[in-house]
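Participant: predicted model and sequence follow; I will ask about them next.
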Amino acid sequence: MKILKEEFYRLLHPKVVFLLTSIGKDGRENVMSCAWASPASEEPPMVIVFVSKEHYTAELILETGEFAINIPTKKMEKTIWICGSKTGRKVDKFKEAGLKKIKAQKISAPLIDGCAGFIECKLVQTIDAGECYGFLSEVLLSTVNEELFKNGMWVENTIPMHLGGKKLVYFSDEKKDKHILK
Ligand SMILES: Cc1cc2nc3c(=O)[nH]c(=O)nc-3n(C[C@H](O)[C@H](O)[C@H](O)COP(=O)(O)O)c2cc1C
């Protein structure tokens, strides 16, 4: 067996990629691509996202505790790369990627028009996880495009997942009914 060093985390990929929108005290807004996240509790509804301490996004989330998870569609691969390779300290990534902001219902950070689903979050606890902060957060509101999410699940081949590096993958299961857990 090969020993993995910094690549160990790839054993836990593919992971759903999302666009993490945030806002600072003075209204500065930002968006970054993110894959390290997990549901953390159903009752109360909680999620955790992991963001490098060096990212502009971390600075903004620490200021207001508000952010949104925006799940992009297949059409937004270019957006994922722009938002995942440039920093909002230097570039207005909303402009650069041609994104339209829409108003969230529970938080002041914006949502991104055209995304498949949204989770509006409020920071509850910041965890020092090493190079990343873990932002354990309450889910204030979650909404989804019903055409892409049926019977409580994503429709196959719609939302990008991050395999590693620059590679995205999609799930599609030809033997759908043969993989039901029994
Ligand atoms: C597909 C993809 C997934 C990423 N996932 C994460 C992640 O989970 N956590 C993280 O801190 N950075 C992640 N990044 C890197 C950030 O998106 C990137 O460093 C970004 O430029 C930070 O932007 P900011 O400085 O404007 O916050 C990812 C990048 C890509 C392309």
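Facilitator: Structure's in. What do you need?
Participant: how long is stretch 147-158 end to end?
Facilitator: End-to-end distance for stretch 147-158, by Cα to Cα, to the nearest Å: 10 Å.
Participant: any chance you could map the helices in this structure?
Facilitator: 56-64, 77-85, 93-96 (DSSP state H).
Participant: buried residues, the first one. List them.
Facilitator: Buried residues in helix 56-64, counting neighbours by 16 or more other Cβ atoms under 10 Å, are found at 56-62, 64. Any C-beta I mention is one placed from the backbone N, CA and C, and that applies to glycine too.
Participant: returning to that earlier point: rebuild the helices of the chain as TSV, extending it with mean pLDDT and distance to T21.
Facilitator: Below are those laid out as TSV (pLDDT from 0 to 100; distance: least, Cβ to Cβ, whole Å):
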stretch	mean pLDDT	distance to T21
helix 56-64	98	9
helix 77-85	98	9
helix 93-96	98	9
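Participant: can you tell which of those helices is closest to the ligand?
Facilitator: helix 77-85 (2.4 Å; Cβ to the nearest ligand atom).
Participant: who's in contact with V144?
Facilitator: The contact partners of V144, taken as Cβ atoms under 8 Å, 6 or more residues apart in numbering, are 116-118.
Participant: got the residues of the protein near the ligand?
Facilitator: Contacts of the chain with the ligand, taken as Cβ under 6 Å from any ligand atom, map to 17, 30, 32-36, 50-52, 55-57, 80, 84-89, 132, 162.
Participant: so which residue is dead centre in this structure?
Facilitator: In the chain, the residue lying closest to the centroid (Cα atoms, centre = their mean) is F18, at 2.9 Å.
Participant: that residue and I3, how far apart?
Facilitator: F18 sits 31 Å away from I3 when distances are taken as Cβ to Cβ, to the nearest Å.
Participant: with M46 instead?
Facilitator: In terms of Cβ to Cβ, M46 sits 34 Å off from I3.
Participant: between the two, tell me which one has more neighbours.
Facilitator: M46 (17 against 6; other Cβ atoms under 10 Å).
Participant: quick one: that one and G134 touch, right?
Facilitator: No - checked against Cβ atoms under 8 Å, the pair M46 and G134 is beyond contact range at 11.6 Å.
Participant: excluding sequence neighbours, find me the nearest residue to M76.
Facilitator: In this structure, M76 finds its nearest non-sequential neighbour in G114, 7.1 Å apart by Cβ to Cβ, 6 or more residues apart in numbering.
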